[in-house]
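Enquirer: coords please:
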Amino acid sequence: MTARERIEQLGLEPHPEGGFYKRTYCSSAIFPGKVDQDPFPAGRPHATAILYLMEAGDFAAFHRIKSDEIWHFHEGGPLQLLVLRDQITLQTIWMGPGYVLQVIIPANHWFAALPAPGTAYCLVSCTVSPGFHFNDHEMASAAALSAQYPTVAEEIQRYCRP
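Expert: Take a look at the predicted model:
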């Protein structure tokens, strides 16, 4: 099956970061928003999940969210997750056949993802807890993030969108 056939079969839509996605789960349990200093507003689901597909040559641009995100590999070729761990470290995590099948991206960490060279497409799912909302999503500014992480500025520039 080709990437385009899989996108159509699963009913995936373009994602702002790059790639294609579809929400597949939204917890019926929600945050009441009554706890002092609760970082999540009333009505936020406890967890959400999506299917996410990237084709060769595409990438998920550097971004961060306020929740932990768990990536689960399903099919296709390997992919790379690029995670900024501190002011100087860009960690590369390989997922897929022959590599890890599950990766946790901690809340508020900048990261990007891309299919490995030679990969036609990769299909993963992402589980977010507390549940994902675009209000908690921040796309990186290449200039600002490069200034904050100068030792990995080249990679940041490559995997940010205008």
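Enquirer: going forward, measure contacts between C-alpha atoms and count neighbours the same way
Expert: Fine.
Enquirer: For the chain, which segments count as strands?
Expert: In the chain, the strands defined using DSSP state E lie at 13-14, 20-26, 48-55, 60-65, 68-76, 79-84, 90-95, 102-105, 111-115, 121-129, 137-139.
Enquirer: Pull up the pairing partners for the shortest one, direction included.
Expert: Which is strand 13-14. Partners of strand 13-14 in the sheet, by DSSP bridges, are strand 20-26 (antiparallel).
Enquirer: what about A61, how many neighbours?
Expert: Neighbouring residues of A61 were enumerated by other Cα atoms under 10 Å; the total is 26.
Enquirer: ok, back up a step: using a markdown table, lay out the strands of the chain together with mean pLDDT.
Expert: Compiled in a markdown table, those are given as follows (pLDDT from 0 to 100):
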| stretch | mean pLDDT |
| --- | --- |
| strand 13-14 | 98 |
| strand 20-26 | 98 |
| strand 48-55 | 98 |
| strand 60-65 | 96 |
| strand 68-76 | 97 |
| strand 79-84 | 97 |
| strand 90-95 | 96 |
| strand 102-105 | 98 |
| strand 111-115 | 98 |
| strand 121-129 | 97 |
| strand 137-139 | 94 |
